[in-house]
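Colleague: This is a predicted model, with the sequence first.
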Amino acid sequence: MSESKTMNGACHCGAVRFTVKLSEGIDEPRRCNCSICRMRGAVAVSARLGDLTLTSGAEILSLYQFNTRTAEHYFCSVCGIYTHHRRRSKPDEIGVNVACLEGVSPFDFACVPVLEGARHPKDTGVSVSGVAGILRYEPSQKDA
């Protein structure tokens with residue numbers, strides 16, 4: 001298990017800023033294949049509910065919910081960047097967009113597991129494998 005790590009984060013325009021204590025550090029990134037995650041394309045890491053503190057911009061965050069309305073997806077209403085969400089599969093956790101974390105890029109991870117969210121057990125009633133696939137990033141020679 002990775003060691004917890006406290007990091008600073010912000011949206012693209014900087015209007016939303018936060019600190020977060022990551023329960024697994026940044027060593028357990030993931031994506032999901034549900035409809036919203038497919039469209040937003042973010043890589044996320046986990047924090048426990050209550051371990052994310054908004055330091056500015058809470059009033060300009062927009063909340064988006066759909067389907068069962070369990071997950072809570074937060075976006076900056078100025079620049080539109082997804083910063084974090086309360087997880088549907090683990091409502092006691094928050095997923096944090098790694099691209100919003102200071103000094104971290106989604107391209108820092110060569111392989112990112114993609115979780116099975118398109119056939120979520122809360123929708124289908126059927127338990128499915130947790131991992132739907134792997135997303136890989138291989139930099140070109142000039143970027144290496």
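Modeller: Perfect, I can see it now. None of these values were measured; they are calculated from a predicted model.
Colleague: Might you report the residue contacts of the residue positioned nearest the centre of the chain?
Modeller: The central residue of the chain, meaning the one whose C-alpha is nearest the mean C-alpha position (Cα atoms, centre = their mean), is residue 44 at 2.8 Å. In this structure, residue 44 makes contact with 29, 30, 31, 32, 85, 95, 96, 97, 98, judged by Cβ atoms under 8 Å, 6 or more residues apart in numbering. (Glycine included, C-beta is placed from N, CA and C.)
Colleague: let's see 7 Å
Modeller: With contacts defined as Cβ atoms under 7 Å, 6 or more residues apart in numbering, the neighbours of residue 44 are 29, 30, 95, 96, 97, 98.
Colleague: ok, residues contacting the lengthiest helix in the chain?
Modeller: Of all the segments of type helix in the chain, defined by DSSP state H, the longest one is helix 35-40. With contacts defined as Cβ under 7 Å, 6+ apart, helix 35-40 is touched by 31, 66, 73, 82, 117.
Colleague: what about 6 Å?
Modeller: When contacts are defined by Cβ atoms under 6 Å, 6 or more residues apart in numbering, helix 35-40 is touched by residues residue 82.
Colleague: Mind checking what helix or strand follows it in sequence?
Modeller: On the C-terminal side of helix 35-40, the closest following helix or strand by DSSP states H and E is strand 44-56.
Colleague: in that following strand, what counts as buried?
Modeller: 44, 45, 46, 47, 48, 51, 52, 54 (16 or more other Cβ atoms under 10 Å).
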